[in-house]
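Following is a predicted model, sequence given first.
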Amino acid sequence: MNNIASSFRDPSGFIFKRDGNFYRQINQKAQADYDRLMDSGLYQKLIDKSLLIAHEEVENTYTSAYKTIKPTQLSFVSYPYEWSFSQLKDAAYATLRIQKIALKYGMALKDASAFNIQFVKNKPVLIDTLSLECYNEGEPWIAYKQFCQHFLAPLALMSYKDIRISKLSSVFIDGIPLDMASTLLPYKTKFNFSIASHIHWHAKTQLKHADGKVDTKKKAKISKTGMLGIISNLQSIVKKLQWKMNDTEWGDYYNNTNYSDDAFEAKKALVTSFIEETNAHTLWDLGANDGTFSGLAADLGIDTLAFDIDPVAVEKNYLRLKKTDSKMTPLLIDLTNPSGGLGWANKERDTLQDRGKTDCVMALALIHHLSISNNVPLDMLAEYFASLGNYLIIEFVPKGDSKVDILLTTREDIFPNYTLEGFEASFSNFFTLVKKEPVAGSKRTLYLYKTK
Amino acid sequence: MLNLQNNYPMNSKKQLLLLLFIIATSSPIYAYLDPGSGSFIIQMIIAGVLGGFYALKLYWQRLVGFFKGPNGVDENDDDAE
């Protein structure tokens, strides 16, 4: 069996890889659920509303299968701790919409994990077709707690407390525990009926009945209207939660560059020509900020990821892009501490490297932040970038550039190798130079490298 | 806004009055998650109140929809069909 390492919990089926493609097996026991999804009209409805990933049925690989389906393949899988506030919020709202629509067709979500949502052209889409199971009126929503932990708790904490709490999802991979969220949220949230019931009281009843002495399976009965009332209320609170963005140091970055307008346009033209030369289908723009340069790749029809460390940059980018049909997806990543291997055997959630290689890595106006601000030696930088992609477009920002000088004003210059020659020497260990050009109106040089 | 069609069996009076917990032989839940009893209990507690509000909201939208006519359908409204 070649199951992928994150697909083992649900006895109804699993994902496996064959010939470079991902397939989902529907086990025999899930026959009723799958048939209902397809025959009731729910599948088509969710496809029409762009809420579920489309699939085609293919021949079975294993004898345990009822059916095997091939979902639309994704070029990249992102995780909730790599999302901005609004990405998580939209993913939460989509999950609730799916549950609401499913109930009309006699189905319900059996799980509500944020990992089941992926962004396709910046729209949240459910990728786990097996999440939908037959619903019998009277049953409570089994995924309610998971929804509150994966979605509501982090959104509330990011809204009321600190945006960086989204990173907690990489520590607690089944969502933020409700008792922890309850402790961390401000006292005033106890007077908000929604937060109070879905988080505070929810946490208390969890603790109180952890010994499982109450046999709620026999007693729990919730009408469909009651369930819809809960879903509606969750939708309402998710919609209301806002993040007041205080501009970070990167907020208005492009208003404070050292480029004139002409020079900026010239740089864009130069970068575009370098991108075209790579014939890339996928591109990762590291330190993308507002996505100006990532946009050049996206406009060429390339599946582009605009990575940045700043939640404000990712958020602004996402809010702008979600109204378009762009091939650019913004994501949050700290290159000095990128997403690690998580979950069982550290293999359920992949590192950034594991999800590569991309055709082309782009690192514009970035190197000085890693080399100087973070003391990463040029050799190690080169090695890491080489592990991420097949081509590299990188801008060397030398000492004497105003941005580098700012970084060196309050610290000793302990970077004797940080020169053009030092840079080229380090990178030639891992790359072959294709071309290099000075960036007009600056002291910088743009390089196009091919990974060895 | 909303159209006139409504899929739900509108025994809303019954549901609004229903605050009793009924012991039912509900079918076994086959899903693999274990949310714990607390999660079911909180749902039972809030479902009554929230279900009531929801039913009221649908009534209101039905009323408004009646006055607005069939052109007032919002295709993004999942409460409608």
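That came in fine, so what should we check first? Numbers count the residues shown, from 1 in each chain, chains lettered A, B, ... in the order given.

wait, does the longest helix seen in chain B contact chain A?
Taking DSSP state H as the criterion, chain B has its longest helix at helix B:37-68. Yes. Using Cβ under 8 Å from any Cβ of the partner chain, we find that helix B:37-68 touches chain A at B:37-55, B:57. (Glycine included, C-beta is placed from N, CA and C.)

Of those, which count as buried by neighbour count?
The neighbour count (16 or more other Cβ atoms under 10 Å in any protein chain shown) marks B:37-52, B:54-55 as buried among the residues of helix B:37-68 next to chain A.

Residue A:313 falls within a helix, correct?
Yes. Secondary structure of residue A:313 (DSSP: H, G, I helix; E, B strand; the rest coil): part of a helix.

right, and it touches residue A:289 too?
Yes. Applying Cβ atoms under 8 Å, one finds residue A:313 in contact with residue A:289, separated by 5.0 Å.

Quick one: low-confidence residue ranges for chain B.
B:1-31, B:69-81 (pLDDT under 70).

List the contacts of the residue lying closest to residue A:128 once chain neighbours are set aside.
Spatial nearest neighbour of residue A:128, chain neighbours left out: residue A:116 (4.3 Å); criterion: Cβ to Cβ, 6 or more residues apart in numbering or on different chains. Residue A:116 sits next to A:95, A:126-128, A:131 when contact means Cβ atoms under 8 Å, 6 or more residues apart in numbering or on different chains.

please redo it, this time with the cut-off set to 10 Å
Applying Cβ atoms under 10 Å, 6 or more residues apart in numbering or on different chains to residue A:116 gives the contacts A:91, A:95, A:98, A:109, A:125-131, A:143, A:146, A:150.

repeat for residue A:388
A:284, A:286, A:335, A:338, A:352-353, A:355-358, A:360-361, A:363, A:451.

Just give me the neighbour total for residue A:261.
Look at residue A:261: counted by other Cβ atoms under 10 Å in any protein chain shown, it has 8 neighbours.

now swap in residue B:63 and tell me
Counted with other Cβ under 10 Å, the neighbours of residue B:63 add up to 11.

Next: residue A:437.
Count around residue A:437 with other Cβ under 10 Å applied: 13.

just the one 10 residues further on next, same as before
By other Cβ under 10 Å, 20 other residues sit near residue A:447.

Could you report the neighbour count for residue A:210?
11.

thinking it is in contact with residue B:36, fair?
Yes. Applying Cβ atoms under 10 Å as the test, residue A:210 and residue B:36 come out as touching, 6.6 Å apart.

Spell out, range by range, the strands that occur in the stretch 101-250 of chain A.
Along the stretch 101-250 of chain A, counting by DSSP state E, counting those that start in this stretch, strands occupy A:107-109, A:117-120, A:123-126, A:132-134.

mind giving me CSV with the ones you listed and columns for mean neighbour count, distance to residue A:444 and mean pLDDT?
CSV is the format used below for these (neighbours: other Cβ atoms under 10 Å in any protein chain shown; distance: least, Cβ to Cβ, whole Å; pLDDT from 0 to 100):
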stretch, mean neighbour count, distance to residue A:444, mean pLDDT
strand A:107-109, 24, 50, 97
strand A:117-120, 21, 32, 97
strand A:123-126, 20, 36, 98
strand A:132-134, 23, 52, 97
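
closest one to chain B among the ones you listed?
Nearest to chain B, of all these, is strand A:132-134, at 6.3 Å by Cβ to the nearest Cβ.

Which neighbouring elements make contact with the closest one?
Judged by 3 or more Cβ pairs under 10 Å, 6 or more residues apart in numbering or on different chains; DSSP states H and E, the packing partners of strand A:132-134 are helix A:31-39, helix A:42-48, helix A:85-104, strand A:107-109.

at 7 Å what do you get?
Counting contacts by 3 or more Cβ pairs under 7 Å, 6 or more residues apart in numbering or on different chains; DSSP states H and E, strand A:132-134 packs against helix A:31-39, strand A:107-109.

Need the winner for burial among the ones you listed.
strand A:107-109 (a mean of 24; mean count of other Cβ atoms under 10 Å in any protein chain shown).

if we can go back for a sec, right, and the strands of the stretch 101-250 of chain A - which one's nearest residue A:347?
Closest to residue A:347 of the strands of the stretch 101-250 of chain A is strand A:117-120 (Cβ to Cβ; 18.8 Å).

and that closest one, which strands flank it?
Using DSSP bridges, strand A:117-120 pairs in its sheet with strand A:123-126 (antiparallel).

Show me how far the partner strand is from its chain's centre.
Its chain's C-alpha centre and that of strand A:123-126 lie 11 Å apart, by Cα atoms, centre = their mean, to the nearest Å.

what's the following helix or strand after the helix or strand containing residue A:274?
Using DSSP states H and E, residue A:274 sits within helix A:261-278. Using DSSP H and E, the next helix or strand after helix A:261-278 towards the C-terminus is strand A:282-286.

And the residue lying closest to residue A:184 once chain neighbours are set aside, how far from chain B?
The shortest distance from residue A:184 to any non-neighbouring residue, by Cβ to Cβ, 6+ apart, is to residue A:157 (5.9 Å). Per Cβ to the nearest Cβ, to the nearest Å, residue A:157 is found 19 Å from chain B.

Now do the contacts for residue B:54.
By Cβ atoms under 7 Å, 6 or more residues apart in numbering or on different chains, residue B:54 lies in contact with A:225, A:228-229, A:232.

Can you pick out the most distant pair from these?
For those, and using Cβ to Cβ, no pair is farther apart than A:225 and A:232, which are 10.1 Å apart.

can you put the helices and strands packed on strand A:132-134 in CSV and add distance to chain B?
Output for the helices and strands packed on strand A:132-134, formatted as CSV (distance: least, Cβ to the nearest Cβ, whole Å):
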stretch, distance to chain B
helix A:31-39, 9
strand A:107-109, 9
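
Reformat those as TSV; add distance to residue B:62.
Putting those into TSV (distance: least, Cβ to Cβ, whole Å) gives the following:
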stretch	distance to residue B:62
helix A:31-39	28
strand A:107-109	24
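
Please name the bridge partners of residue A:332.
Counting by DSSP bridges, residue A:332 forms beta bridges with residue A:308.

quick one: it from residue A:86, how far?
Going from residue A:332 to residue A:86 by Cβ to Cβ, to the nearest Å gives 12 Å.

ok, the two, which is more surrounded?
Taking other Cβ under 10 Å, residue A:332 and residue A:86 do not tie; residue A:332 has more neighbours (26 against 17).

Is that one in contact with residue A:315, as I believe?
No. The pair residue A:332 / residue A:315 is not scored as a contact, 8.9 Å apart, by Cβ atoms under 7 Å.

Can you tell me the centre-most residue of chain A?
In chain A, the C-alpha nearest the mean C-alpha coordinate belongs to residue A:78, at 3.4 Å (Cα atoms, centre = their mean).

ok so, going back, go back to the contacts of residue B:54 and keep what's next to chain B.
By Cβ under 7 Å from any Cβ of the partner chain, the members of the contacts of residue B:54 lying near chain B are A:225, A:228-229, A:232.
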